[in-house]
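Asker: I'd like to go over a predicted model; first the sequence, then the structure.
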Amino acid sequence: MAEESGKIDPMHQFEVTPLFGQEWEIAGYAIPFTNSALWMALTLLVLWLFMLGGMKRELIPGRWQMAVEGVTGFISDMVDSNIGEKGRKYVPYIFSLFMFILFANMLGMLPTALVGVHAFTVTSHLTVTAILAMATFLIVLVVGFGTHGIKFFGLFVPHGTPLVMIPIIFVIELISFLVRPFSLAVRLFVAMTAGHVLLKVLAGFVINAGAAGAATAAFVSVPSFILMIGISLLEVLIAFIQAYVFALLASSYLNDAINLH
Amino acid sequence: MDAEAAKLIGAGLAAIGVGMAALGVGNIWGSFLSSALRNPAAADGQQGRLLIGFAVTELLGLLAFVVAMILLFVV
């Protein structure tokens, strides 16, 4: 499909290729160290350096410490306003989710191709986002059944539901609950994938029209390139909003599990 | 009809869903902005709800995109 439509394949950037360790395997499945794993490790490294530089606990905070405290304060405020006092112990988890997704998104936006390295957006793969979403969903289930036991099913019957409506409402609420990990994962995955595909399609316009002659270059390449700059900025915004939305929804799901409703 | 042509038409039709979700997202941000301008003091407190509404609406557009991608690359 993509080969027919032009020289530039917008899906090529999402290919996972093994870097080394092709002979490693567990139970018959090959587990080489891929470019995806490399960028995940890089995300963790950058995140670790960022936190390390800002956790010196100086009395008069420098710029770096202010940056780190800004993010930690942002997340703990969000958890406080969503869950309340009981949510304090989930702040580390929500914070890790938010920072990992934010840094992975941002690293994928880096123009590292200028130095010959192809940036890989870890969060543009459903496997990665699905693991994050499933971990969140499992925590919600464990917390919900752990604190409320069988009463957790009360979540599926909102207060004041008429008796005749309970069977229908229960099924609807149950489905909307079970769909949550899916929607969490798909939202992040598609938002990142769609943005990167769009950028690569526009890049294809720039290059193909640029090769077609000066007139086409002026009418197609230049506007496409200006549009690409704008969309890159939009993608930085989306990278932040998606990380925030993931953390926000995770904390609001945790709120359902902790406080019922 | 050729199966390949039907796939492409289906993917194109799925793009309508993306546009419809754009209407929804625009409605959410537009209503937020107009009410935030009426009462700026209350605006900051509602940003969480704004983004939840945005995320839920946006998801439907993203699902349309997934349908298009499945039609183009998987089926």
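Answerer: Arrived safely, thanks for sending.
Asker: give me every residue that touches the residue in chain A that chain B sits nearest to.
Answerer: Among the residues of chain A, residue A:190 lies closest to chain B, at 4.0 Å counting by CB to the nearest CB. (Glycine included, C-beta is placed from N, CA and C.) Contact analysis of residue A:190 by CB atoms under 8 Å, 6 or more residues apart in numbering or on different chains lists B:62-63, B:65-66.
Asker: and what of residue A:93?
Answerer: Contacts of residue A:93 (CB under 8 Å, 6+ apart): A:139, A:250.
Asker: Please identify the helix or strand for it.
Answerer: Assigned by DSSP states H and E, residue A:93 falls within helix A:91-109.
Asker: Can I get that helix in PDB, CA atoms only?
Answerer: Output in PDB follows, covering the C-alpha atoms of helix A:91-109 (Å, rounded to 0.1, in the frame of the first residue of the first chain):
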ATOM      1  CA  VAL A  91       1.400  10.100  43.900                       C
ATOM      2  CA  PRO A  92       4.700   8.200  43.000                       C
ATOM      3  CA  TYR A  93       2.900   5.900  40.600                       C
ATOM      4  CA  ILE A  94       1.000   8.700  38.900                       C
ATOM      5  CA  PHE A  95       4.200  10.800  38.800                       C
ATOM      6  CA  SER A  96       6.200   8.000  37.200                       C
ATOM      7  CA  LEU A  97       3.400   7.500  34.600                       C
ATOM      8  CA  PHE A  98       3.300  11.100  33.700                       C
ATOM      9  CA  MET A  99       7.100  11.700  33.600                       C
ATOM     10  CA  PHE A 100       7.700   8.500  31.600                       C
ATOM     11  CA  ILE A 101       5.100   9.300  29.000                       C
ATOM     12  CA  LEU A 102       6.100  13.000  28.800                       C
ATOM     13  CA  PHE A 103       9.800  12.200  28.400                       C
ATOM     14  CA  ALA A 104       9.200   9.400  25.900                       C
ATOM     15  CA  ASN A 105       6.900  11.700  23.800                       C
ATOM     16  CA  MET A 106       9.400  14.600  23.900                       C
ATOM     17  CA  LEU A 107      12.400  12.400  23.100                       C
ATOM     18  CA  GLY A 108      10.500  11.100  20.100                       C
ATOM     19  CA  MET A 109      10.000  14.700  18.900                       C
END
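Asker: So what's the gap between it and the chain middle?
Answerer: 7 Å (CA atoms, centre = their mean, to the nearest Å).
Asker: tell me which residues in that helix are buried?
Answerer: Of all the residues in helix A:91-109, those buried under the rule 16 or more other CB atoms under 10 Å in any protein chain shown are A:91, A:93-95, A:97-109.
Asker: So residue A:118: helix, strand or coil?
Answerer: Classification of residue A:118 using DSSP: H, G, I helix; E, B strand; the rest coil returns coil.
Asker: Tell me which residues touch it, please.
Answerer: Residue A:118 touches A:13, A:35, A:112, counting by CB under 8 Å, 6+ apart.
Asker: and if we set it to 10 Å?
Answerer: A:12-13, A:15, A:17, A:35, A:39, A:112 (CB atoms under 10 Å, 6 or more residues apart in numbering or on different chains).
Asker: Same question for residue B:21.
Answerer: So residue B:21 contacts B:57-65 (CB under 10 Å, 6+ apart).
Asker: What residues does chain A have near chain B?
Answerer: A:1-2, A:4-5, A:11, A:78, A:81-82, A:126, A:179, A:182-184, A:186-191, A:193-194, A:197, A:238, A:241-242, A:244-246, A:248-249, A:251-252 (CB under 10 Å from any CB of the partner chain).
Asker: just the helices in chain B please.
Answerer: B:3-38, B:40-43, B:47-69 (DSSP state H).
Asker: Same question for the stretch 151-261 of chain A.
Answerer: Ranges of helices in the stretch 151-261 of chain A, per DSSP state H, counting those that start in this stretch, are A:166-178, A:180-211, A:214-216, A:222-259.
Asker: distance between the second one and the chain's centre?
Answerer: Here the centre of mass of C-alpha atoms in helix A:180-211, compared against the chain's by CA atoms, centre = their mean, lies 14 Å away.
Asker: With the shortest one instead?
Answerer: Taking CA atoms, centre = their mean, the mean C-alpha location of helix A:214-216 is offset from the chain mean by 39 Å.
Asker: Buried residues, it. List them.
Answerer: Using 16+ other CB under 10 Å, none of the residues of helix A:214-216 count as buried.
Asker: still on that earlier bit, can you tell me which of the contacts of residue A:190 has the most neighbours?
Answerer: residue B:62 (23 neighbours; other CB atoms under 10 Å in any protein chain shown).
Asker: thinking again about what came up before, can you list the contacts of residue A:118 in CSV and add secondary structure and pLDDT?
Answerer: CSV is the format used below for those (DSSP: H, G, I helix; E, B strand; the rest coil; pLDDT from 0 to 100):
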residue, secondary structure, pLDDT
A:12, helix, 80
A:13, helix, 81
A:15, coil, 83
A:17, coil, 84
A:35, helix, 87
A:39, helix, 91
A:112, helix, 80
